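Everything below, folded, please.
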Amino acid sequence: MAYIRKVKTGSGATAVQIVRKERGEVILVEHIGSGHTKKKVDFLVDEARAKLLGGKQKPLFDLEILQKKF
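From the prediction side, this is the model:
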């Protein structure tokens with residue numbers, strides 16, 4: 001089963017990924033993106049959650065508003 005994980009990158013950003021475990025090994029399914037702010041990371045987690053649910057969840061953030069602030 002796939003799940004969302006957040007990991008620190010070398011630049012200090014937080015990467016949001018969809019991963020799954022197979023025989024104890026973590027397999028990257030999709031890299032959603034990286035962010036330096038909590039707002040950006042929260043947006044990426046919301047995007048990952050929507051992908052995991054097959055687009056059945058309404059996004060928590062308005063993409064157009066967030067893009068203007070990044």
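
Which helix or which strand is home to Lys40?
Per DSSP states H and E, Lys40 falls inside helix 38-52.

Revised request: answer the last question for Ile18.
strand 14-22.

Packing partners of that strand?
strand 2-8, strand 25-35, helix 38-52 (3 or more Cβ pairs under 8 Å, 6 or more residues apart in numbering; DSSP states H and E). Using the backbone N, CA and C atoms, a C-beta is placed for each residue, glycine as well.

Just say which of these is most tucked in.
Neighbour counts (mean count of other Cβ atoms under 10 Å) averaged over each of those peak at helix 38-52, with a mean of 18.

can you pull the contacts of Ala15?
Lys6, Val7, Lys8, Thr9, His31, Gly33, Ser34 (Cβ atoms under 8 Å, 6 or more residues apart in numbering).

change it to 7 Å
Taking Cβ atoms under 7 Å, 6 or more residues apart in numbering as the criterion, Ala15 is in contact with Lys6, Val7, Thr9, His31, Ser34.

what's the nearest residue to it if we skip its chain neighbours?
Ser34 (4.6 Å; Cβ to Cβ, 6 or more residues apart in numbering).

right, and that neighbour touches Ala13 too?
Yes - under the criterion of Cβ atoms under 7 Å, Ser34 makes contact with Ala13 at 4.2 Å.

What values do phi and psi take at the residue of the chain most remote from its centre?
Going by Cα atoms, centre = their mean, the residue of the chain most distant from its centre is Arg23, 23.3 Å out. Per-residue torsions, Arg23: phi 50, psi 40 (degrees, to the nearest 10).

Next one: His36 from Lys6, what distance?
13 Å (Cβ to Cβ, to the nearest Å).

Please put the alpha-carbon coordinates of stretch 7-14 into CSV.
Written as CSV, here are the backbone C-alpha positions of stretch 7-14 (Å, rounded to 0.1, in the frame of the first residue of the first chain):
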residue,chain,number,x,y,z
VAL,A,7,12.1,13.9,3.9
LYS,A,8,14.7,16.6,4.2
THR,A,9,16.8,17.4,1.1
GLY,A,10,20.4,18.4,1.0
SER,A,11,19.3,22.1,0.4
GLY,A,12,17.2,22.0,3.6
ALA,A,13,13.9,21.8,1.8
THR,A,14,11.3,19.1,2.6
